[in-house]
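In: sequence first, predicted coordinates after that:
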Amino acid sequence: SAVAGINAEDAEIAKKTKKEPFPGAVLLSENLPSQEKLNNFINNDIVPSIKKVLNTKEEETLSIRIPLAIPIIKFLKVLPHDLLIVKIPGVLTTLCQILRSKAQELRDNLRKTLCVVARILGPKYLYFILKELKGALRRGSQLHILGYTVHSLLTELSSVLKPGDLDDSLELLSEIIIEDTFGVTGTEKDADGYTSKMKEVKQQKSFNSAEIVAANITLQKFSIMIEPIKHILLYDKLTLKTEQKIDDLLRRLASGLHSNADAGKRDMLVMCYELYKVTQNVQAEEEAARKALEEREAENDTFMEDNE
């Protein structure tokens, strides 16, 4: 047939145009080093020399040296998993500490590089990035930077995430989101008199972060996101603003669950039942707290009567 004739002709052309290696040429595919030699070459020769430049104490050139973290991570990604998880924290620590800088442009450049690093490593290693971020950004305005940066990372990875990818990082993510929403950080964002030139302070990103998280965890883990909200409902003094935040956060979590690829499975029914039990427990705990308060008030009244 005509098609068969064309395919045969193409095959003949490909055969004629295929280049043979030059005499004495070395084929890379036949001369790859062993994994052990490759590991030693990366660990002892390549990475240390690049890290030395990255870690140079020159503030003026820091902005242009930050992207050096990208080839370092690419080289380290070639290593076996056991070696990789030992080596990447050192690089991540250097990057995350730069986020303490007061220079907005420097923080923005660092965030872009960190997002590229997260994309190279993949969701499997997000936990290590979050751990270093949380260790480097501990107080004051740094906590605003933490919440904002976590949102940037989740947004960068959102196109490749699938249910279960964020399970290992969920507890860290939950802590960061809750602090950025209801903690001192969240209070500062809401305060009328609190002013700052930092864009990380001015913008609230954690609601969107929560939605991305809910869309990419296994449903059995969802209670980790709900437990802190339950604690706030039970033990914190609820203002109108706090109630609005809880409503908004739960709405975004529900939206994330709606997008979760596992939402159509039986696990969704199991999760709904578990949430129902949580609400029942909350009601029971509220009733127990109310009775305990009434008993204390009754004891106080009796004590006062006995002393009159």
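Out: The structure has been received and is ready for your questions.
In: and the helices in the stretch 151-300 of the chain, which stretches?
Out: 170-182, 184-190, 199-202, 206-214, 223-235, 240-259, 266-306 (DSSP state H, counting those that start in this stretch).
In: what comes up buried for the shortest one?
Out: Taking 16 or more other C-beta atoms under 10 Å as the neighbour-count basis, helix 199-202 is seen to contain the buried residues 200-201. Yep, even glycine has a C-beta here, placed from its N, CA and C like the rest.
In: and the contacts of that helix?
Out: By C-beta atoms under 8 Å, 6 or more residues apart in numbering, the surrounding residues in contact with helix 199-202 are 104, 107, 141, 144-145, 147-149, 188-189, 194, 196.
In: cutoff 10 Å now
Out: Defining contact as C-beta atoms under 10 Å, 6 or more residues apart in numbering, one finds that helix 199-202 is touched by 99, 104, 107-108, 111, 141-149, 151-152, 180, 185, 188-189, 194-196.
In: and those residues, which are buried?
Out: Using 16+ other C-beta under 10 Å, the buried members of these are 99, 107, 111, 141, 143-149, 151-152, 180, 185, 188-189.
In: contacts for stretch 115-125?
Out: Contacts for stretch 115-125 (C-beta under 10 Å, 6+ apart): 67, 69-74, 76-77, 81, 84-85, 88, 91-92, 95, 126, 128-130, 149, 152-157, 159-162, 164-169, 216.
In: separate out the buried members of those.
Out: For those, a burial check counting by 16+ other C-beta under 10 Å picks out 69-70, 72-73, 76, 84, 88, 91-92, 95, 126, 128-130, 149, 152-154, 156-157, 161, 164-169, 216.
In: most packed of the helices of the stretch 151-300 of the chain?
Out: Using mean count of other C-beta atoms under 10 Å, the stretch among the helices of the stretch 151-300 of the chain with the greatest mean number of neighbours is helix 206-214 (a mean of 23).
In: orientation of that helix relative to helix 223-235 in degrees?
Out: 140 degrees (axes from the mean of the first three to the mean of the last three C-alpha atoms, to 10 degrees).
In: ok, the closest residue to residue 169 other than its chain neighbours - how many residues close by?
Out: With C-beta to C-beta, 6 or more residues apart in numbering as the criterion, residue 169 has its nearest non-adjacent residue at 4.5 Å, and that residue is residue 127. By other C-beta atoms under 10 Å, the residues close to residue 127 number 18.
In: got the angle for the helix or strand that contains residue 127 vs helix 170-182?
Out: If you go by DSSP states H and E, residue 127 is part of helix 126-136. With the same axes, to 10 degrees defining the directions, helix 126-136 sits at 50 degrees from helix 170-182.
In: helices and strands around helix 126-136, which ones?
Out: In this structure, helix 126-136 packs against helix 81-98, helix 104-121, helix 141-157, helix 170-182, with contacts taken as 3 or more C-beta pairs under 10 Å, 6 or more residues apart in numbering; DSSP states H and E.
In: and the third one, how far from the chain's centre?
Out: Mean-position distance between helix 141-157 and its chain equals 8 Å (C-alpha atoms, centre = their mean, to the nearest Å).
In: over to the second one?
Out: A distance of 13 Å separates the centroid of the chain from that of helix 104-121, by C-alpha atoms, centre = their mean.
In: what angle do that helix and helix 81-98 make?
Out: Using the same axes, to 10 degrees: helix 104-121 against helix 81-98 is 170 degrees.
In: any regions of the chain where pLDDT drops low?
Out: In the predicted model of the chain, residues 1-30, 192-194, 264-286, 289, 300-308 satisfy pLDDT under 70.
In: among the helices of the stretch 151-300 of the chain, which comes closest to residue 49?
Out: Residue 49 lies closest to helix 170-182 among these, at 32.4 Å (C-beta to C-beta).
In: state the distance from residue 219 to residue 76.
Out: From residue 219 across to residue 76, the span is 33 Å (C-beta to C-beta, to the nearest Å).
In: element containing residue 32?
Out: Here residue 32, judged by DSSP H and E, is contained in no helix and no strand.
In: how many residues are close by it?
Out: Neighbours of residue 32 under the rule other C-beta under 10 Å: 10.
In: returning to what we had before: the residue nearest to residue 169 is in contact with residue 153, isn't it?
Out: No: using C-beta atoms under 10 Å, residue 127 is not in contact with residue 153, being 11.4 Å away.
In: what touches both of the two?
Out: Each of 169, 173 lies in contact with both residue 127 and residue 153 under the rule C-beta under 10 Å, 6+ apart.
In: now distance to residue 59 too, for the helices and strands packed on helix 126-136, in JSON lines please.
Out: JSON lines is the format used below for the helices and strands packed on helix 126-136 (distance: least, C-beta to C-beta, whole Å):
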{"stretch": "helix 81-98", "distance to residue 59": "10"}
{"stretch": "helix 104-121", "distance to residue 59": "9"}
{"stretch": "helix 141-157", "distance to residue 59": "18"}
{"stretch": "helix 170-182", "distance to residue 59": "28"}
